[in-house]
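Novice: sequence plus the predicted model coming up.
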Amino acid sequence: MPQNTIAGLNADNNKKFDEKTFEDLYRRMYPTLKKYAIYLVKDVEDAQLILNDVFISIWKNGTILNNEKAYLFRAVKNAATNYHKAAKANLWYMDSEEEFSEIIDVKETPSQAFQNKDRNRVLYTLIDQMPERRRLIFYMYRIDGFSYREIAVLLDISVRTVEDHLVKGFQFLQQKVLENKSEFR
């Protein structure tokens with residue numbers, strides 16, 4: 001059984017990572033982390049596998065978690081990144097010529113390409129309706145791939161302000177997309 005953790009302490013306060021401590025951590029954090037993992041990998045089953053791996057790693061290593069929420073979110077994000085890298089590697093790896101025959105041509109038809117371009121145009125138009133600062137943060141995060149912390153440092157604002165702008169930006173887009181459903185079909 002693992003030793004040393006601060007995720008929760010026993011009643012005797014000797015910093016041993018026991019089953020009850022682990023179960024408490026799991027029950028408190030799993031629902032939120034599951035939503036986050038689903039957002040990252042876009043698949044419920046893969047998200048659950050990622051979370052299981054993260055929690056198994058914590059149990060096996062007896063990881064000391066000073067800031068358990070930050071640690072767990074980072075661990076899930078890293079696991080999701082590794083999942084995407086593995087998926088890409090598997091996509092390009094072919095064992096035999098038999099597998100080539102199973103590949104399906106997934107190129108867009110001209111009609112689909114036109115619809116996708118049109119949707120993107122409408123989406124960018126909606127993003128451009130956001131206030132200037134929110135739009136900048138949104139583009140930095142979603143298009144340029146900057147992290148919350150990187151954006152905060154570059155714009156000399158708090159990470160919480162970055163989060164606030166992104167949440168409000170996503171809410172705005174969601175509202176506008178629902179109002180313009182016909183353009184997104």
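Specialist: Yep, it's here.
Novice: and residue 76, how many neighbours does it have?
Specialist: If you count neighbours by other Cβ atoms under 10 Å, residue 76 ends up with 24. Backbone N, C-alpha and C define where each C-beta goes, glycine included.
Novice: host element of the spatially most central residue of the chain?
Specialist: With distances taken as Cα atoms, centre = their mean, the chain has residue 40 as the residue nearest its mean C-alpha position (3.0 Å). The secondary structure element spanning residue 40 is helix 19-41 (assigned by DSSP states H and E).
Novice: same question for residue 124.
Specialist: Residue 124 is located in helix 110-127, with elements delineated by DSSP H and E.
Novice: tell me how far that helix is from the chain's mean position?
Specialist: Here the centre of mass of C-alpha atoms in helix 110-127, compared against the chain's by Cα atoms, centre = their mean, to the nearest Å, lies 24 Å away.
Novice: mind listing what's buried along it?
Specialist: Applying a neighbour-count criterion of 16 or more other Cβ atoms under 10 Å, the buried positions in helix 110-127 are 123, 126-127.
Novice: same for the helix holding residue 40, what does it pack against?
Specialist: With contacts defined as 3 or more Cβ pairs under 8 Å, 6 or more residues apart in numbering; DSSP states H and E, helix 19-41 has these neighbours: helix 44-61, helix 68-92.
Novice: mean pLDDT for those: which is lowest?
Specialist: Taking each of the helices and strands packed on helix 19-41 in turn, the lowest mean pLDDT turns up on helix 68-92, with a mean of 76.
Novice: can you pull the buried residues of that helix?
Specialist: Of the residues in helix 68-92, 68, 71-73, 75-76, 79-80, 83 count as buried by neighbour count, 16+ other Cβ under 10 Å.
Novice: neighbouring contacts of it?
Specialist: Helix 68-92 is contacted from outside by 6-7, 25, 29, 33, 36-37, 40-41, 46, 50-51, 53-54, 57-58, 63, 65, using Cβ atoms under 8 Å, 6 or more residues apart in numbering.
Novice: now stretch 30-50
Specialist: In this structure, residues lying in contact with stretch 30-50 by Cβ under 8 Å, 6+ apart are 51, 54-55, 72-73, 76-77, 79-80, 83-84.
Novice: let me have these in JSON lines, adding distance to residue 155 as columns.
Specialist: Written out in JSON lines, the entries for the contacts of stretch 30-50 read as follows (distance: Cβ to Cβ, whole Å):
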{"residue": "51", "distance to residue 155": "32"}
{"residue": "54", "distance to residue 155": "31"}
{"residue": "55", "distance to residue 155": "35"}
{"residue": "72", "distance to residue 155": "27"}
{"residue": "73", "distance to residue 155": "22"}
{"residue": "76", "distance to residue 155": "26"}
{"residue": "77", "distance to residue 155": "21"}
{"residue": "79", "distance to residue 155": "29"}
{"residue": "80", "distance to residue 155": "26"}
{"residue": "83", "distance to residue 155": "30"}
{"residue": "84", "distance to residue 155": "27"}
